[in-house]
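> here's a sequence, model it:
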Amino acid sequence: MVDFSEIINAIQTGNAKKSESLTVEYLNNKVSAKDILNNGLIKAMEIVGEKFKNNEFYVPEVLVAARAMKKSINILRPILAQTGVESAGKILIGTVEGDLHDIGKNLVHMMFEGAGFEIIDLGTDVPPEKFVKVAKEEKPDILGMSALLTTTMTSMQKTIDLLEREGLRNEIFIMIGGAPVTESYVKEIGADGYATDASSAVEIAKKHLNQKD
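Okay, here's the model as predicted:
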């Protein structure tokens, strides 16, 4: 039984160099990339997410942990691709049109990546047409939209309306988030899910995909 406690601790404390070197060490010792991902990286980010939800960690701690995790992911990604390891799901994310805030969206990106998802990140100021164009091309399981300004929240509704018109709405689970977003707004615009933080977003996505299967 491989002991992953060192890499779990390295990621939690944001020690990117240690996380990177341990990943190489495990691979050299014939530990599979899948095991390192599931029992090291994903486990570490689950703990980070739990601490974030419980206010034991704040945004800076989560960001440094996610950066350490990313160093290891970058080493594992080509190996995982070669061995045909399935991703947990595909998520398309972006901050909506007119909004340039990206810290929340970046946290969601990192937490989903840490949970084994394939991420397509469109960045900030994403118009409805761009979300829909990429959704057509990439066929994601989930679409995640973020907004920090009340004035830009209407772009979420426009994106959902456009997906509806293009016949894609029922094929994608739509999640929204951001400081001004509420549960009632989800119902108002016809989205499927709302998360107060990045860790909860991952839980909702996993629950949806498990039900789908």
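> going forward, measure contacts and count neighbours with C-alpha atoms only.
Fine.
> could you list the buried residues of stretch 35-49?
Buried residues in stretch 35-49, counted by 16 or more other CA atoms under 10 Å: 36-37, 39-49.
> what helices and strands are in contact with the strand or helix carrying Glu46?
In this assignment (DSSP states H and E), Glu46 forms part of helix 42-53. Other helices and strands packing on helix 42-53, by 3 or more CA pairs under 8 Å, 6 or more residues apart in numbering; DSSP states H and E, are helix 5-12, helix 59-82, helix 103-114, helix 198-212.
> then the next helix or strand after the shortest one to PDB, C-alphas only?
Moving toward the C-terminus from helix 5-12, the next helix or strand (DSSP H and E) is helix 16-28. Once non-C-alpha atoms are left out, helix 16-28 reads as follows in PDB (Å, rounded to 0.1, in the frame of the first residue of the first chain):
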ATOM      1  CA  ALA A  16       4.600  23.100  -5.200                       C
ATOM      2  CA  LYS A  17       8.300  21.900  -5.400                       C
ATOM      3  CA  LYS A  18       7.700  19.100  -3.000                       C
ATOM      4  CA  SER A  19       4.400  18.100  -4.700                       C
ATOM      5  CA  GLU A  20       6.300  18.000  -8.100                       C
ATOM      6  CA  SER A  21       9.300  16.000  -6.800                       C
ATOM      7  CA  LEU A  22       7.000  13.500  -5.000                       C
ATOM      8  CA  THR A  23       5.000  13.000  -8.200                       C
ATOM      9  CA  VAL A  24       8.200  12.100 -10.100                       C
ATOM     10  CA  GLU A  25       9.400   9.900  -7.200                       C
ATOM     11  CA  TYR A  26       6.100   7.900  -7.200                       C
ATOM     12  CA  LEU A  27       6.200   7.400 -10.900                       C
ATOM     13  CA  ASN A  28       9.900   6.300 -10.700                       C
END
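> mind listing what's buried in helix 16-28?
So for helix 16-28, counting by 16+ other CA under 10 Å, buried means 16, 18-20, 22-24, 26.
> of those, closest to Pro180?
Ala16 (33.1 Å; CA to CA).
> pull the contacting residues for the nearest residue to the closest one once chain neighbours are set aside.
Counting by CA to CA, 6 or more residues apart in numbering, the nearest residue to Ala16 once its immediate chain neighbours are dropped is Ala68, at 3.9 Å. Ala68 is in contact with 10-11, 14-17, 19-20, counting by CA atoms under 8 Å, 6 or more residues apart in numbering.
> sorry, back to before: so which of the helices and strands packed on helix 42-53 is nearest Phe173?
Here helix 198-212 is closest among those (CA to CA), at 8.1 Å.
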